[in-house]
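>>> attaching a predicted model along with its sequence, questions to come.
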Amino acid sequence: MILFVLCFVLFMIGLYGVILQRNLIKIIIGLAIMEYSVYLFLILIGYVKGGTVPIISDFFENGPFVDPLPQALVLTAIVIGLATKALLLSVAIRLYKHYGTFDIRKMNNLKG
Amino acid sequence: MEIYLVIMLVLMILGSINSLHAKDLMSAVISLGIVGFGLVISFLLLYAPDLAIVQVVIEIITLTTTIAVIVSATYELEKKKIGYSSGFYAGTILIFTVIILMVVSRFTNILSYFGQHVMRMADIYIKSAPESGSANLVTGIVLHFRAYDTLGEATVLVTAVIGVLTILRHSGKKKDN
């Protein structure tokens, strides 16, 4: 159970970074930390004690496997996470070219 | 086994804290690498080799692109302090701790213990694995049982690539002035 709690602590650290940091790159880092904690949480849930890698082989015993379904879903999620991060970074570098800084307090052209 | 996972998770937490409080952006990004590669080792400990391979590749790509962005922009953090008082930080930590305790006390009843997972849906996949023709169950699920998910993922990837190209392209409209 302590593993789930530590995973949640990691998620809250990422949330802290997203909410309280003022630098665009650090906000992206916070989002990445949140993503990683969610991946790890899903895989932790699917773990079966005494299980093996879910690969069917003639040379090893095809004993109890760990759950392959969360692994397949997280595999999809990791690749999509890369795409979102690339999009965020391109937006960040555009904003830097325009404002000359990563500080979100100085990006106030739309401020009412 | 479980103690190694706890060690890896503690290392990841320390790396993330160091990353969010680093003095300049380059060390922040490299500290994010601690979290990513700790995730790789955790995947290996949890018997998920496919995920470990994919995560290694993706982590390296992420670090390289982020460092490229920083190098082309700036390493420096802004000099001006944010200006919150220490009471603000204490309050934030208090609120986060309360949220963690609330969620943990709520969900300990629902979650089964670590390692005592009951497979409901994956049983069918494992039983009918030979009909997918794949020895690796994970790729069998990704490409056979849930192929529509994978197609959707490909759509998302194409959309993201189009978005990046649209945002980063150099020649737009001709400037009037």
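Noted; the coordinates are in hand.
>>> which stretches of chain B have low pLDDT?
B:78-83, B:171-177 (pLDDT under 70).
>>> residue ranges of the helices in it, please?
For chain B, applying DSSP state H gives helices covering B:2-20, B:25-45, B:49-72, B:86-107, B:122-127, B:129-132, B:137-140, B:147-168.
>>> would CSV of those with distance to residue A:102 and mean neighbour count be doable?
Where you see a C-beta, it was placed from the backbone N, CA and C, and this is true even at glycine. Listed next are those as CSV, based on distance: least, C-beta to C-beta, whole Å; neighbours: other C-beta atoms under 10 Å in any protein chain shown:
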stretch, distance to residue A:102, mean neighbour count
helix B:2-20, 14, 18
helix B:25-45, 8, 21
helix B:49-72, 9, 17
helix B:86-107, 22, 12
helix B:122-127, 44, 16
helix B:129-132, 47, 14
helix B:137-140, 38, 23
helix B:147-168, 16, 13
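>>> what residues are up against the nearest residue to residue B:141 once chain neighbours are set aside?
Excluding its sequence neighbours, the residue lying closest to residue B:141 (C-beta to C-beta, 6 or more residues apart in numbering or on different chains) is residue A:72, at 4.0 Å. Listed by C-beta atoms under 8 Å, 6 or more residues apart in numbering or on different chains, the contact set of residue A:72 reads B:138, B:141-142, B:146.
>>> which residue is nearest the middle of chain A?
residue A:35 (1.6 Å; C-alpha atoms, centre = their mean).
>>> same deal with chain B?
Nearest to the geometric centre of chain B sits residue B:36, at 7.2 Å (C-alpha atoms, centre = their mean).
>>> that older thread, report the buried residues of the helix or strand encompassing the residue nearest to residue B:141.
If you go by DSSP states H and E, residue A:72 is part of helix A:68-99. Neighbour counts using 16 or more other C-beta atoms under 10 Å in any protein chain shown place A:68-79, A:81-93, A:95-96 of helix A:68-99 among the buried residues.
>>> quick one: distance of it to the chain centre.
A distance of 9 Å separates the centroid of the chain from that of helix A:68-99, by C-alpha atoms, centre = their mean, to the nearest Å.
>>> and for stretch B:70-90?
The chain centre lies 24 Å from the centre of stretch B:70-90; the measure is C-alpha atoms, centre = their mean.
>>> same question, stretch A:45-65
On C-alpha atoms, centre = their mean, the centre of stretch A:45-65 falls 26 Å from that of its chain.
>>> who touches it?
Residues outside stretch A:45-65 that contact it (C-beta under 8 Å, 6+ apart): A:66-71, B:46-49, B:111, B:114-117, B:119, B:126, B:129, B:135-138.
>>> hang on, the earlier thing: for whatever helix or strand the residue nearest to the centre of chain A lives in, the averaged confidence score.
In the assignment (DSSP H and E), residue A:35 maps to helix A:24-45. Rounded to a whole number, the mean pLDDT of helix A:24-45 is 93.
>>> so residue A:73 makes contact with residue A:39?
No - using C-beta atoms under 8 Å, residue A:73 is not in contact with residue A:39, being 9.7 Å away.
>>> pull the contacting residues for residue B:39.
Listed by C-beta under 8 Å, 6+ apart, the contact set of residue B:39 reads A:36, A:39-40, B:12, B:55, B:59.
>>> can we see that at 6 Å?
Going by C-beta atoms under 6 Å, 6 or more residues apart in numbering or on different chains, residue B:39 touches A:36, B:55.
>>> and the gap between residue B:52 and residue B:138?
To residue B:138, residue B:52 is 12 Å away according to C-beta to C-beta, to the nearest Å.
>>> residue A:102 too?
In this view, residue A:102 and residue B:138 are 38 Å apart by C-beta to C-beta.
>>> residue A:30 now?
In terms of C-beta to C-beta, residue A:30 sits 29 Å off from residue B:138.
>>> repeat for residue A:54
Distance of residue A:54 to residue B:138, given as C-beta to C-beta: 6 Å.
>>> in this structure residue B:96 contacts residue A:12, no?
Yes - Residue B:96 lies in contact with residue A:12 (C-beta atoms under 6 Å); the separation is 5.2 Å.
>>> not counting its neighbours along the chain, what's nearest residue A:105?
Closest residue to residue A:105 apart from its sequence neighbours, by C-beta to C-beta, 6+ apart: residue A:22 at 5.9 Å.
>>> my bad, should have said residue A:89
Excluding the flanking residues, the one nearest residue A:89 by C-beta to C-beta, 6+ apart is residue B:69, at 5.2 Å.
>>> these two touch, right, that neighbour and residue A:93?
Yes - shown here, residue B:69 and residue A:93 form a contact pair, counting by C-beta under 6 Å, at 5.2 Å.
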